[in-house]
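Colleague: The sequence and its predicted three-dimensional model are supplied below.
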Amino acid sequence: MAGHEERLRRLAIYDPAFLQAVLAIHPGDVRASGLDPKTHTLVQLSALLAADAPSTSWHCTATLALAVGATPDEVVGTLVAVAPIIGLGRAAAAASDIALAVGYDLDAALAGRNGTS
């Protein structure tokens, strides 16, 4: 893998061979990013949320983040961190899928709510 300066230069000049290689990277290939698996997966979760990807992708990626060592607090923290950028509506919509992924039955918790916040 090329160093960060080389990768930045090749991205900046829109190097066709480098861009083709980047586009061919499998999303699960942690080596390509140079990040540890947990960070790699949390960054992917952020991108999926920002891109308004299908909810199944949020759920699967959050589940994968837990499998590679992220805590439920880190997964939810990722959602909270991107909420001001993606919008509160999108963050609220993602909350139930993220809750399911971290093992929290949000529907049951809301059903037991007594009307107070």
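Modeller: Ah, there it is. Numbers count the residues shown, from 1 in each chain.
Colleague: For Leu106, which residues are in contact?
Modeller: 95-96, 99-100 (Cβ atoms under 8 Å, 6 or more residues apart in numbering). Where C-beta positions appear, they are placed from N, C-alpha and C, glycine not excepted.
Colleague: separation between the most centrally placed residue in the chain and Arg10?
Modeller: Centroid-nearest residue in the chain: Leu45, 0.5 Å away (criterion: Cα atoms, centre = their mean). Leu45 sits at a distance of 26 Å from Arg10 (criterion: Cβ to Cβ, to the nearest Å).
Colleague: what do you get for Pro72?
Modeller: Applying Cβ to Cβ, the value for Pro72 to Arg10 is 37 Å.
Colleague: For Asn8, pull up the helix or strand it's in.
Modeller: Check again: residue 8 is Leu, not Asn. Per DSSP states H and E, Leu8 falls inside helix 4-12.
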